[in-house]
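Participant: Just to be clear, the model below is a prediction. Sequence and coordinates:
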Amino acid sequence: MRAASLSRALCCCAIACAVSACGFFGGDEGMFRDRAEDYKTAPELPVITVPEGKNTEALREIYVIPQVQEKLLLEGEFEVPRPAPLIAGAGADVVRIQRLGDDSWALISVPPGQVWPQVRSFLAAANMQVARVDARAGIIETAWLELEGEALPSRFRFRMDQGVQRGTSELHILQMNRGTSDEWPTHSSDPQQAADMLRTVAQFLADSAETAPVSMVAEQGIVATGKISLREDDTGQTYIRLELPYDRAWASLGKALSDASFEVVDRDRSAGIYYARFLGPEDDADESMFDWLWGDDDPTLEQMFLVSMQAASPGVVNITLQPESEELALTKRERQALLALIKGKID
């Protein structure tokens, strides 16, 4: 009996110690308390001041919050806007090769941080030695390579940029032959070699892009917010701001108009104007998208518009839209909706 009583006493003592230990180690006052909510009361500290001439690269923001570009407000009484349709790249392949004149590049429907490790994987699988890597600039350069059937050694530069649309990427490849200079040329020494390499890498990316890992360093350096946005000028007029060279922007706008239910009737490249007729939905399947544009009202169909593109600064153009007839007046909501439709098709 005494042994049983002693056992029960020791057991109760152990339980009491365990409970008290839980309070000592855990809880709000414990040694290992839950710190999940500490951020709510954390003070905001000033940015560390770095002496002049010292490198501040290690102190940059890890997760940068981008500035909101599209802050357009509808005029008149406020109403909750409907969700924008998913028109950018809808139904498109993951990887497409784009061409403009002598230039070509791969358009990839994933962010740059996801493309970067896949290009590295391609180079490793192809046993191509890398000479230089700059993840923040999105550049990989190979060493000199002896290619079968080629008289001169070659090297390649892979450059990954953000795409026009948010969450897309562009891959550009530059090739050069070994010669008297080690400086990279403006254009490839052998365009056919560059084109062959681009097609090979594009196929590799198409086969593996959806399961690719993400490089946070490349993601931070190569901003994936896109090169296009809706803006308002000082007079309240809505326009598209597009960060592309003029020649490419002009070609991209023409294709986007056709993809956005416009019929291009005429164009004046010297003036930067497309004369386009808005056709509206092609079939009943498109009706829901146009319901978003105009709500319950019927859209103004079969009307001619002037879509103008003007250079704002080097590498930047502004795109505006206005009816050809002065009798047709667009509301601010309709103008924004039409421009948003065009914006989603530019790449």
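Facilitator: It's in.
Participant: Show me the strands in the stretch 101-250 of the chain, by range?
Facilitator: 103-108, 130-134, 139-142, 154-162, 169-177, 228-232, 238-242 (DSSP state E, counting those that start in this stretch).
Participant: Flag the shaky bits of the stretch 51-200 of the chain, pLDDT-wise.
Facilitator: Flagging of the stretch 51-200 of the chain using pLDDT under 70 yields the residue ranges 57-93, 180.
Participant: Show me the chain divided up by domain.
Facilitator: 101-221, 228-343 (automatic domain parsing).
Participant: Same list, those domains, but as TSV with mean neighbour count and distance to residue 38 please.
Facilitator: Placement of C-beta: from N, CA and C, glycine included. Shown next, in TSV, are the domains of the chain (neighbours: other C-beta atoms under 10 Å; distance: least, C-beta to C-beta, whole Å):
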stretch	mean neighbour count	distance to residue 38
domain 101-221	17	24
domain 228-343	16	36
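Participant: Including distance to residue 34, could those go into JSON lines?
Facilitator: JSON lines is the format used below for these (distance: least, C-beta to C-beta, whole Å):
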{"stretch": "domain 101-221", "distance to residue 34": "27"}
{"stretch": "domain 228-343", "distance to residue 34": "41"}
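Participant: looking at these, which is closest to residue 49?
Facilitator: domain 101-221 (22.4 Å; C-beta to C-beta).
Participant: that older thread, quick one, which of the strands of the stretch 101-250 of the chain is nearest to residue 342?
Facilitator: strand 238-242 (6.9 Å).
Participant: Now do that closest one against strand 228-232, angle only.
Facilitator: Strand 238-242 runs at 150 degrees relative to strand 228-232, counting by axes from the mean of the first three to the mean of the last three C-alpha atoms, to 10 degrees.
Participant: in the stretch 1-150 of the chain, which spans are helices?
Facilitator: Secondary structure of the stretch 1-150 of the chain (DSSP state H, counting those that start in this stretch): helices at 2-25, 112-125.
Participant: Next, the angle from the shortest one to strand 103-108.
Facilitator: Compare the direction of helix 112-125 with that of strand 103-108 by the same axes, to 10 degrees and you get 110 degrees.
Participant: Please save the CA atoms from helix 112-125 in CSV.
Facilitator: Presented in CSV, the C-alpha positions along helix 112-125 are these (Å, rounded to 0.1, in the frame of the first residue of the first chain):
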residue,chain,number,x,y,z
PRO,A,112,11.9,35.7,-65.4
GLY,A,113,12.8,34.1,-62.0
GLN,A,114,11.4,30.8,-63.4
VAL,A,115,13.2,31.1,-66.8
TRP,A,116,16.6,31.7,-65.3
PRO,A,117,17.2,28.3,-63.6
GLN,A,118,15.9,26.5,-66.7
VAL,A,119,18.4,28.3,-69.0
ARG,A,120,21.1,27.3,-66.5
SER,A,121,19.8,23.7,-66.7
PHE,A,122,19.9,23.7,-70.5
LEU,A,123,23.5,24.9,-70.5
ALA,A,124,24.5,22.2,-68.0
ALA,A,125,22.7,19.5,-69.9
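Participant: Run the angle between that helix and strand 169-177 for me.
Facilitator: 40 degrees.
Participant: Residue 316 and residue 54: what is the separation?
Facilitator: Separation of residue 316 from residue 54 (C-beta to C-beta, to the nearest Å) stands at 33 Å.
Participant: oh, I was asking about residue 186
Facilitator: Distance, residue 186 to residue 54, by C-beta to C-beta: 35 Å.
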